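# Fold the stuff below for me.
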Amino acid sequence: MTVVHGTLTGPARRVTGDALQETLVDLLGLSLVGKQAHWNIVGPRFRSIHLQLDEVVATARSYADTVAERAAALGVPPDGRPETVASAFGLPGVKDGRLRDTDVVRLMAESLQTAIGRLRTRIDTTEMADPVTQDLLIGLTAELEKQRWMFDAENWPPED
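Below is the predicted model of the structure:
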């Protein structure tokens, strides 16, 4: 059997592999949160938020695949097993049952903000270890920031 070793070695491979694995877990979990909210949202803004949730899920799933393939290309086996995601997921979760549209907007804005903060930390840690992975994380962060902005716009004027 031939094993993919990738082009990174030692500490750079560990730092990059950890960043990619943590990002994969966040994205898989975010897609599940988005779908759970998508299926259970109720309220006067149902349709617009329902459709916006599909965009978040599509972004999360697409980038999850890209992140996992980047890890595999570097010789780091990605782990997207349900038990791994369940044990390592660190974003806000969704409650069971029907969800008010206002609660979904708040949940998604909070979940996206948490994911963005975690990504920004990984962007910093991968700067020297692997600029290619850093670039991938920067692009993902831009996409999630766009989604966060769209949920913020649903909650106007702000409650603060």
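
# Strands of this protein, start to end?
41-42, 99-100 (DSSP state E).

# Could you count how many residues lie near G90?
Counted with other CB atoms under 10 Å, the neighbours of G90 add up to 12. Any C-beta I mention is one placed from the backbone N, CA and C, and that applies to glycine too.

# what does the one 10 residues further on give?
Neighbourhood size, R100 [other CB under 10 Å]: 14.

# Could you list which residues are in contact with it?
I41, V42, G43 (CB atoms under 8 Å, 6 or more residues apart in numbering).

# Of all residues in this protein, which one is nearest the centre?
Residue closest to the mean C-alpha point of the chain, counted by CA atoms, centre = their mean, is L27 at 3.0 Å.

# Let me see the contact set for the closest residue to it other than its chain neighbours.
Leaving out its chain neighbours, the residue that sits closest to L27 by CB to CB, 6 or more residues apart in numbering is A64, at 4.0 Å. By CB under 8 Å, 6+ apart, the contact set of A64 is L24, L27, L28, S31, G80.

# how near is the second one to W156?
Separation of L27 from W156 (CB to CB, to the nearest Å): 27 Å.

# what's the answer for the first one, then?
Distance of L24 to W156, given as CB to CB: 33 Å.

# Pick out whichever of the two has more residues nearby.
L24 (24 against 7).

# and the more buried one, what is it in contact with?
By CB under 8 Å, 6+ apart, L24 lies in contact with A64, V67, A68, A71, P78, D79, G80.

# can you check L27 too?
Counting by CB under 8 Å, 6+ apart, L27 touches A60, R61, Y63, A64, V67, A115, L140.

# Who are the contact partners of the closest residue to the third one other than its chain neighbours?
With CB to CB, 6+ apart as the criterion, Y63 has its nearest non-adjacent residue at 5.0 Å, and that residue is L140. Taking CB under 8 Å, 6+ apart as the definition of contact, the neighbours of L140 are T23, L27, Y63, V67, L119.

# L144 contacts A115, doesn't it?
Yes: using CB atoms under 8 Å, L144 is in contact with A115, at 5.7 Å.

# how far away is the residue nearest to Y63 from Q113?
Taking CB to CB as the measure, L140 falls 14 Å from Q113.

# Please apply the same query to G90.
According to CB to CB, G90 and Q113 sit 13 Å apart.

# Please apply the same query to E69.
Relative to Q113, and taking CB to CB, E69 is found at 26 Å.
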